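Chemist: Show me the folded form of this:
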Amino acid sequence: MKHAIHDFSAKLRQPSVVATLETYVDWRREVETARAEGTDPPPMPPISPVSINLDLTVACNFRCTHCIDWDVLNTKHRLLDDDLRASIVLMRERGLKSVILIGGGEPTLYPGFTSFVTFLKELGLQVAIVTNGSRGDRLAGIVEHLDEGDWIRLSLDSGSNELFTAMHRPTSTKITLDGICEWIPKLKALNPKPKLGFSYIVVWSGATREDNELHENIHEIVMAAELAKRSEFDYISFKPILERQADGAEVMDPSKAAAEEQAVVATIRAEVDRAKELASDTFSVYESTNLRMLEDGSWKTSNAQPKMCHMQAMRQVVTPLGVYNCPAHRGVDKARIGEKNAYAGEERAAKTGTAVAEILEEFDASHNCREVTCLYHDVNWWIEGMIKDSKEPVEPGPENEDYFL
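Modeler: Numbers count the residues shown, from 1 in each chain. Below you'll find the predicted structure:
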């Protein structure tokens, strides 16, 4: 069963969001009609992504062995704060509803982290932060500005200090798993509204990053859940390790497990079931959609993508290297929409609209995403169906006030 956080069609049908979807679907129908009639297609309307992943910085104080962004960490690339703020303001005016501060580097190391989070909240945006947790003081400085519906998720992936250090390799020996977790009760005391999560990427023996074998952590799944509950996290979430292919796509590949694949999956299933026994009224244990697909053997069914990925218009990734069409292809040239300041002003945004229209046609998801276990698989086919059936209206659904895509 699909978890609500991954029911993207429901999120797009919310009354506060559906106008963006309706504008997009109407435009794509007009493009199809123009193509059939042999006339010039209309330009993309001035809409913004509903949700963006935003890499504030490439700076990081960890050297995680499983980091998917290893090649860009601590390089010269950076965002200009003025351009970034101008971009967010324009996107907000055009329909942006949420921002996830994530990836590339560690967002709390961005020099203007505190003021930038405050800026986002003053614009009325939902905000999420994915962090390594090393700067609890920075999180304490912004948590008071967050609301219900906002969240902070700490990428910890272990249950012991020893495995944490081996996997994450913090640059300071003072940074420990236990020390990070001690901040959680303090943050909740400052503001109990946002959800605080413990993220656990499940790594099996044989998983690699650039042919370097990673640390297996299946044996600490239960230990991590116990630590998360004891530390007053609201939840722990488990998801499988992704590896980057030669073409840049992030994919799940359990066939690389050193042991028999089915045995590895069975072990993961058993450990997650044990962790679920710790769930209570105040503590939840989540499995990602990808992990559930891995466990029930259906993970390859979500690789059959339509030729056109419509979510490229609904959700994008803004980074110091540029704007990209998907988290699974961030940093990959063929997925690049434009420069890092692509939305900084009306003129740039107009060019970006043209670029989005072009990449919708040129980026063949049925080929480029053929190995990707895509979270947007169902919603892409749903939007494709609405476009093909020009008589089907875009019907609004209930307002859930969750705008993260």
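
Chemist: hey, let's count contacts and neighbours off CA atoms from now on
Modeler: Noted.

Chemist: List of residues touching the lengthiest strand in the chain?
Modeler: When the chain is parsed with DSSP state E, its longest strand is strand 195-202. Contacts to strand 195-202, defined as C-alpha atoms under 8 Å, 6 or more residues apart in numbering, come from residues 148-158, 184, 216-218, 221, 228, 233-241.

Chemist: any idea how far it is from the chain center?
Modeler: 13 Å (C-alpha atoms, centre = their mean, to the nearest Å).

Chemist: Name every strand pairing with whichever helix or strand comes after it and say which way it goes.
Modeler: For strand 195-202, the following helix or strand on the C-terminal side (DSSP states H and E) is strand 208-209. When pairing is defined by DSSP bridges, strand 208-209 lines up against strand 212-213 (antiparallel).

Chemist: picking up where we left off before, can I have the buried ones of the contacts of strand 195-202 as a PyMOL selection?
Modeler: Filtering the contacts of strand 195-202 down to the buried ones (16 or more other C-alpha atoms under 10 Å) takes a single PyMOL command:
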select buried, resi 149+150+151+152+153+154+155+156+157+158+184+216+217+218+221+228+233+234+235+236+237+238+239+240+241
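
Chemist: Inside strands: which ones of the contacts of strand 195-202?
Modeler: 151, 152, 153, 154, 155, 235, 236, 237, 238, 239, 240.

Chemist: can you pull the pLDDT of the nearest residue to residue 240 once chain neighbours are set aside?
Modeler: The shortest distance from residue 240 to any non-neighbouring residue, by C-alpha to C-alpha, 6 or more residues apart in numbering, is to residue 202 (4.8 Å). Predicted confidence (pLDDT) at residue 202: the value is 93.

Chemist: Residue 15 too?
Modeler: At residue 15, pLDDT is 97.

Chemist: Check residue 295 too.
Modeler: 64.

Chemist: cool, the one 4 residues further on as well?
Modeler: For residue 299, the model assigns a pLDDT of 56.

Chemist: Contacts only, for residue 281.
Modeler: Counting by C-alpha under 8 Å, 6+ apart, residue 281 has no contacts.

Chemist: And it, how far from residue 76?
Modeler: Applying C-alpha to C-alpha, to the nearest Å, the value for residue 281 to residue 76 is 46 Å.

Chemist: now do residue 168
Modeler: 22 Å.

Chemist: still on that earlier bit, partners of the longest strand of the chain in the sheet?
Modeler: strand 151-155 (parallel), strand 235-240 (parallel).

Chemist: closest to residue 342 out of the ones you listed?
Modeler: strand 151-155 (26.8 Å; C-alpha to C-alpha).

Chemist: just the strands in this protein please.
Modeler: 51-54, 98-101, 126-131, 151-155, 195-202, 208-209, 212-213, 235-240, 243-244, 250-251, 284-287, 315-319, 322-324, 336-338.

Chemist: possible to save the ones you listed as a markdown table with distance to residue 359?
Modeler: Putting the strands of the chain into a markdown table (distance: least, C-alpha to C-alpha, whole Å) gives the following:
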| stretch | distance to residue 359 |
| --- | --- |
| strand 51-54 | 17 |
| strand 98-101 | 22 |
| strand 126-131 | 27 |
| strand 151-155 | 31 |
| strand 195-202 | 31 |
| strand 208-209 | 29 |
| strand 212-213 | 33 |
| strand 235-240 | 29 |
| strand 243-244 | 21 |
| strand 250-251 | 19 |
| strand 284-287 | 32 |
| strand 315-319 | 12 |
| strand 322-324 | 10 |
| strand 336-338 | 7 |
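
Chemist: Which of these comes out lowest on mean pLDDT?
Modeler: Across these, the lowest-scoring stretch is strand 250-251, with a mean of 54.

Chemist: By residue count, which helix of this structure is the longest?
Modeler: helix 18-37 (DSSP state H).

Chemist: Let me see the residues that make contact with it.
Modeler: Taking C-alpha under 8 Å, 6+ apart as the rule, helix 18-37 contacts 12-13, 40-42, 44-45, 47-48, 50, 95, 314, 383, 386-388, 390, 394, 396.

Chemist: cutoff 7 Å now
Modeler: 12, 40, 41, 42, 44, 47, 95, 387, 390, 394, 396 (C-alpha atoms under 7 Å, 6 or more residues apart in numbering).

Chemist: Over to stretch 105-119?
Modeler: 56-60, 73, 101, 131-132, 135, 138, 141-142, 145.

Chemist: between those residues, which is closest to residue 5?
Modeler: Out of the contacts of stretch 105-119, the member with the shortest distance to residue 5 (by C-alpha to C-alpha) is residue 101, at 17.0 Å.

Chemist: Correct me if wrong: that closest one contacts residue 130.
Modeler: Yes - the pair residue 101 and residue 130 qualifies as a contact (C-alpha atoms under 7 Å) at a distance of 6.1 Å.

Chemist: So between those two, which is more surrounded?
Modeler: residue 101 (24 against 20; other C-alpha atoms under 10 Å).

Chemist: Identify the bridge partners of that one.
Modeler: residue 54, residue 129.

Chemist: That one: what's it in contact with?
Modeler: 53, 54, 55, 56, 107, 128, 129, 130.

Chemist: nearest to residue 4, of these?
Modeler: For the contacts of residue 101, the nearest to residue 4 is residue 128 (16.5 Å; C-alpha to C-alpha).

Chemist: I figured that closest one hits residue 102, correct?
Modeler: No - applying C-alpha under 7 Å as the test, residue 128 and residue 102 come out as separate, 8.3 Å apart.

Chemist: how many neighbours does the residue nearest to residue 240 have?
Modeler: Neighbour tally, residue 202, other C-alpha under 10 Å: 22.

Chemist: before we move on, what about residue 177?
Modeler: With other C-alpha under 10 Å as criterion, residue 177 counts 23.

Chemist: Test for you: state the pLDDT assigned to the spatially closest residue to it that is not a sequence neighbour.
Modeler: Nearest non-adjacent residue to residue 177, counting by C-alpha to C-alpha, 6+ apart: residue 161, 5.2 Å away. According to the prediction, residue 161 has pLDDT 97.
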